[in-house]
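S.K.: Structure here, sequence nowhere to be found:
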């Protein structure tokens, strides 16, 4: 075969018709992979933000204080409250649950499960359990609809708990 015959074969409509289904399959597979990549990055965005905050705290030149870290986390939650949109309120739920577990660790209660804790150790424990359960539900299914008023109420109970525990 000469180069001209190979060129004619490669540009022939018969070969193009034969390869069309393969092209369509590979384009479809590529689109599915792009979609899955974007979906995975969306699901991990909260984790990435939390990890970034912890790394920033690790490498900061200031002296590390657990109390100031807890206060800064609470300040971030309070800054999100006036925004009144469901995306920010989902983020508030995640941040509040993370803050609660940091408070447990700071109070030397991190070795206990939520069921082992009681109202004497953690005031408003039932309301805080609601925050943690909602956070778990949102991690499993971020499309869950949240009630802004309910979250505001839960956050106010959480604030009272932090004050009673003398966290800040």
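M.R.: Thanks, I have the structure now. Small disclaimer: the values here were computed from a predicted structure and weren't measured.
S.K.: which of the residues in stretch 159-168 are buried?
M.R.: Using 16 or more other CB atoms under 10 Å as the test for burial, stretch 159-168 gives 159, 161, 162, 167. Where you see a C-beta, it was placed from the backbone N, CA and C, and this is true even at glycine.
S.K.: I'd like to know which elements the helix or strand harbouring the third one is packed against.
M.R.: Taking DSSP states H and E as the criterion, the element that holds residue 162 is helix 148-164. For helix 148-164, the elements it packs on are helix 66-80, helix 86-106, helix 125-140, judged by 3 or more CB pairs under 8 Å, 6 or more residues apart in numbering; DSSP states H and E.
S.K.: Quick one: closest of those helices to residue 152.
M.R.: Nearest to residue 152 among those is helix 86-106; the distance by CB to CB comes to 8.3 Å.
S.K.: Go ahead and confirm residue 117 touches residue 126.
M.R.: No - if you go by CB atoms under 8 Å, residue 117 and residue 126 don't touch, sitting 10.6 Å apart.
S.K.: The two - which one has more neighbours?
M.R.: Here residue 117 and residue 126 are compared on neighbour count by other CB atoms under 10 Å; more neighbours surround residue 117, at 15 against 9.
S.K.: so how far is residue 124 from the more buried one?
M.R.: From residue 117 across to residue 124, the span is 11 Å (CB to CB, to the nearest Å).
S.K.: For the helix holding residue 162, give me every contacting residue.
M.R.: Contacts to helix 148-164, defined as CB atoms under 8 Å, 6 or more residues apart in numbering, come from residues 74, 77, 81, 84, 86, 89, 92-93, 96, 99-100, 103, 122-124, 127-128, 130-131, 134, 168.
S.K.: Give me the buried subset of those residues.
M.R.: By 16+ other CB under 10 Å, the contacts of helix 148-164 give 74, 77, 89, 92-93, 96, 99-100, 103, 122, 124, 127-128, 130-131, 134 as buried.
S.K.: what's the closest of those residues to residue 33?
M.R.: Checking those one by one against residue 33 (CB to CB), the nearest turns out to be residue 93, at 31.1 Å.
S.K.: Kind regards, and thank you for your time.
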